[in-house]
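Enquirer: could you look at this predicted model? Sequence included:
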Protein chains: 2
Amino acid sequence: MSVLLVSKKRDFSALKKHIQTIDSNIDVEIWPAVANPDRVQLAVAWNQPENVFAKFPNLKAITSLGAGVDHLVRDATIPESKNLTRMVLPSLKQQVADYVLMSVLNILRHSHTYYRQKQRAEWSEHQPIEKDDLRIGVMGLGQLGLVTAKKLEQNGFHVSGWARTKKELSSIRTYTSGEIDIFLREVNILVCLLPLTPETTGILNLKTIKQLKQPAFIINAARGEHLVDEDLIYALDTDRIRHATLDVFTDEPLPESHPFWNRDKITITPHIAALTNEKEAAELIVENYKRLLSGMKLLNPVSRKFKY
Amino acid sequence: MSVLLVSKKRDFSALKKHIQTIDSNIDVEIWPAVANPDRVQLAVAWNQPENVFAKFPNLKAITSLGAGVDHLVRDATIPESKNLTRMVLPSLKQQVADYVLMSVLNILRHSHTYYRQKQRAEWSEHQPIEKDDLRIGVMGLGQLGLVTAKKLEQNGFHVSGWARTKKELSSIRTYTSGEIDIFLREVNILVCLLPLTPETTGILNLKTIKQLKQPAFIINAARGEHLVDEDLIYALDTDRIRHATLDVFTDEPLPESHPFWNRDKITITPHIAALTNEKEAAELIVENYKRLLSGMKLLNPVSRKFKY
C-alpha cells in the first residue's frame, strides 16, 4: 500500500518528508519514478499529466492538493469509480480571507496609485473610499467564501454573498443562483471565490460587470477561467471597473505578452492568495489514507454532480 | 462670539459650511480675513502661522484639527491660559487602525515586491510570512494605538503595546516606558502611533531598530519627527529593516530630492493614514463651542505637562 504524489512541475520532497514524519511506515512514491504502481491506493495530485492514473490499477481515491478540483473533474480519463477529495486547510481559508481583506483595503486607500506616485516622487493625496459608501459581494459561500465574508463583515464592511444554495447568515445578505442580478446591482467590489464548473466559467464578463454599482472593482482569487480577459480590459478602459486585483489566470505563469501586465489599473499577484501549508496538507493526507485503508468515509469529498 | 478657523494652507469653506449646517447662528470666521477679531472665543487650528493668536484678545480655547497637537504645544506664543483640545474622531481611529492593518498585510504578503515584479512582467512567488511567526509592537496606546492594537489582535496577530502609563489589556502584552528594551526585543513589526513630545522625538533610531527581532519592519503613522531618517536608510541598507511604511515626514510634502523616494524598501503615502472627516469635525467643534460658552469642561483636553 502506498501514497502517490503526482504533479507536472511541483517539487514533492518536503511533502513526502512531512508525511513520513507523521508516520514513517507510510510508503510515499513520487511520480514519475514509481517503484510499485500496483501498491498505490491514494494519489495526491496537482496539475497532473493527462491519463496518468491509468497506470495504477489499485488506485481508489485522488486528492487535490488545494481547494480547487477543476484539474481532476475535467480529466475525462479518471473513472467515475475513483473517489475525489480536496484540501480545505484551515490556514488556506485564513490566507484567502486575509488576501481579500488586504486587497479591499488597498482599493479603499488607493495603494496602487500611491505606489505609482512614489516612483515619480509625487505627493498628492486621494480621499479614501468610505466603508459605508460601498458593499462587497462575495461570489461563492463555500469554505473559502464564508470565512472571507465573515472576516470582511467583522472588519466593518457591508457584505453580500451569492451561492448556489441558500445560506443563512446573520449580518450578511445572501442570494442564490437565480437572484444574481439583484446581488450584482447592490455590489461595488465583486470578489470571486467560486469553484470552477461549466456554470461558473466566464462568469466575470461584461454583462456581469455592467450591473455592478459604481464605483466598481473586481477581485479574482478563484480561477483564471472565471474571467473573460478581454471583457475586463474593455471594462477598465471604459471606466466601468476602476481597478482589478487578480491572483489567478487562465495561463499560469501569466505570459509576458499578456496585456494585463501593462495596465495600471490591474494588480497582479502570482497565485499566492492561498499557498498550501505542506505540514497541514500532510496531516490531512495521512488522515484520509488511514480512512481509505479502513474503509471509512473520506474527509472533504468532491461531488461529481456539482463538480466541487 | 465667533469660531475662528486658521491654517496656512487649508481650505476651510467646507468645514465652515458643515458648522453652519448644524447651527446657522454660529458665526464662523476664516483667517486671515477676520471681520471681528474681538468676538473670537474658540480657534480651530492646523499648521497655523506663528503668533497668529495674539490678535484675538478674547480667545479662550484652541482646538487642533487632528489627533496631534505638537503644532500647538511647540508654539511658544500661545499663552498658558488658553485651553488646548484636540480631535479624536471615531472615524479617525478606524482609519488609522485600517491603515496599519493594511500595511501589515502588505508586508506579510510582499505586496511591494509584487508591484515591482508586475512592472517587469515577472511571475515569481514569495512565501508569505506567517502570523504565528511574528509579533507586532504598537508604540503608543492612546486613542489611536488602542483601537489599532485591538484590531490587529482581532485579525489573528500577536500584539504587544508600549505606553507611558500601564494599560491592562486581555490578550495584548503591554509595557511601560522603562520596559522599552524588553518590548523591542520581542517585536518584529514596530508601529509608531505616539504623540510627538520631547521624549518621543527621534525615538525610531538605530539603537531602537537594532533591538527588534528579525525579520524587522517599521510602520510610522504618527509624526515624521519620530524617525531619524538617516538611521532608517542605514538600517535598510544593512538589512536590519526589511521594509518601512511611512505616512508622515519631517518635511511635508516630502521634498522631491529626499532619498526615501528612491528606496524600493520604503512605501510612501502622503499623510493619509487618517484624514479628518469634516462633518464629524464640525460636530465636535460645535459641541466644544457650546461647552465653552456655557463655562463647561471641554472635550478632549490636552495636557500641557505631557504635551498631548
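Expert: Happy to help now that I have it.
Enquirer: what does the stretch 201-308 of chain A have sitting close to chain B?
Expert: Neighbours of chain B within the stretch 201-308 of chain A, by CB under 8 Å from any CB of the partner chain: A:252, A:253, A:254, A:256, A:261, A:267, A:268, A:269, A:270, A:271, A:272, A:275. The way it works is simple: take the backbone N, C-alpha and C, and place the C-beta from them, glycine included.
Enquirer: most widely separated two among those residues?
Expert: Across those, the longest distance by CB to CB is 22.9 Å; it joins A:256 and A:275.
Enquirer: how about the residue in the stretch 201-308 of chain A positioned nearest to chain B: what's its closest non-neighbour residue?
Expert: Here the stretch 201-308 of chain A gets closest to chain B at one residue, residue A:253, 3.7 Å apart by CB to the nearest CB. Counting by CB to CB, 6 or more residues apart in numbering or on different chains, residue A:253 lies nearest to residue B:123, which is 3.7 Å off, once chain neighbours are set aside.
Enquirer: also residue A:82?
Expert: Setting aside the residues directly before and after it, residue A:82 is nearest to residue A:62 in space (CB to CB, 6+ apart), at 5.5 Å.
Enquirer: which SSE is immediately downstream of the host helix or strand of that neighbour?
Expert: In this assignment (DSSP states H and E), residue A:62 forms part of strand A:61-64. Using DSSP H and E, the helix or strand that follows strand A:61-64 towards the C-terminus is helix A:70-73.
Enquirer: distance from whichever helix or strand comes after that following helix to the middle of the chain?
Expert: Sequence order places strand A:83-85 as the next helix or strand after helix A:70-73, per DSSP H and E. Remark: strand A:83-85 is offset 18 Å from the chain centroid, using CA atoms, centre = their mean, to the nearest Å.
Enquirer: I'd like to know which helix or strand in chain A has the lowest mean pLDDT.
Expert: Every helix and strand in chain A was compared by mean pLDDT, DSSP states H and E; the lowest is helix A:70-73, with a mean of 88.
Enquirer: elements contacting that helix?
Expert: When contacts are defined as 3 or more CB pairs under 8 Å, 6 or more residues apart in numbering or on different chains; DSSP states H and E, helix A:70-73 sits against strand A:40-46, strand A:61-64.
Enquirer: for the first one, the averaged confidence score.
Expert: Okay, so that is strand A:40-46. Here strand A:40-46 scores 96 as its mean pLDDT.
Enquirer: same list, the residues of the stretch 201-308 of chain A next to chain B, but as a markdown table with neighbour count, pLDDT and secondary structure please.
Expert: As requested, those are exported to a markdown table (neighbours: other CB atoms under 10 Å in any protein chain shown; pLDDT from 0 to 100; DSSP: H, G, I helix; E, B strand; the rest coil):
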| residue | neighbour count | pLDDT | secondary structure |
| --- | --- | --- | --- |
| A:252 | 13 | 95 | coil |
| A:253 | 14 | 96 | coil |
| A:254 | 20 | 98 | coil |
| A:256 | 10 | 97 | coil |
| A:261 | 18 | 98 | helix |
| A:267 | 23 | 98 | strand |
| A:268 | 21 | 98 | strand |
| A:269 | 25 | 98 | coil |
| A:270 | 18 | 97 | coil |
| A:271 | 19 | 96 | coil |
| A:272 | 19 | 96 | coil |
| A:275 | 15 | 89 | coil |
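Enquirer: residue A:5 contacts residue A:40, doesn't it?
Expert: No: with contact defined as CB atoms under 8 Å, residue A:5 does not reach residue A:40; the gap is 10.3 Å.
Enquirer: which residues do these two both contact?
Expert: Shared contacts of residue A:5 and residue A:40 (CB atoms under 8 Å, 6 or more residues apart in numbering or on different chains): residue A:29.
Enquirer: quick one: the strands in chain A, in order.
Expert: Listed in chain order, the strands of chain A (DSSP state E) span A:2-7, A:28-30, A:40-46, A:61-64, A:83-85, A:135-139, A:158-163, A:173-176, A:189-192, A:217-220, A:243-246, A:266-268.
Enquirer: most neighbours per residue, which of the ones you listed?
Expert: Counting by mean count of other CB atoms under 10 Å in any protein chain shown, strand A:189-192 has the highest mean neighbour count of those, with a mean of 27.
Enquirer: which residues touch that strand?
Expert: Strand A:189-192 is contacted by residues A:100, A:104, A:107, A:134-140, A:148, A:184, A:203-204, A:208-209, A:212, A:216-222, A:226-227 when judged by CB under 8 Å, 6+ apart.
Enquirer: before we move on, what about stretch A:155-165?
Expert: A:101, A:104, A:131-132, A:134-142, A:145-146, A:149, A:152-153, A:167, A:169, A:171-177, A:179-180, A:183, A:186-187, A:306, B:94, B:98, B:101, B:151, B:155.
Enquirer: let's test this: mean pLDDT of that stretch, rounded?
Expert: Averaging pLDDT along stretch A:155-165 gives 96.
Enquirer: end-to-end on it?
Expert: 25 Å (CA to CA, to the nearest Å).
Enquirer: from the chain's centroid, how far away is that stretch?
Expert: For stretch A:155-165 - counting by CA atoms, centre = their mean - the centre lies 17 Å from the chain centre.
Enquirer: out of the contacts of stretch A:155-165, list just those in helices.
Expert: Using DSSP state H, the subset of the contacts of stretch A:155-165 located in helices is A:101, A:104, A:145-146, A:149, A:152-153, A:180, A:183, B:94, B:98, B:101, B:151.
Enquirer: show me the two of these that sit farthest apart.
Expert: Maximum pairwise distance among the ones in helices among the contacts of stretch A:155-165 (CB to CB): 33.0 Å, between A:180 and B:151.
Enquirer: between those two, which is the more surrounded one?
Expert: residue B:151 (21 against 16; other CB atoms under 10 Å in any protein chain shown).
Enquirer: mind checking pLDDT for the more buried one?
Expert: With respect to pLDDT, residue B:151 has a value of 97.
Enquirer: also residue A:90?
Expert: 87.
Enquirer: what's around residue A:129, how many residues?
Expert: 18.
Enquirer: residue A:2 bridge partners, please.
Expert: As for beta bridges, residue A:2 partners with residue A:40 under DSSP bridges.
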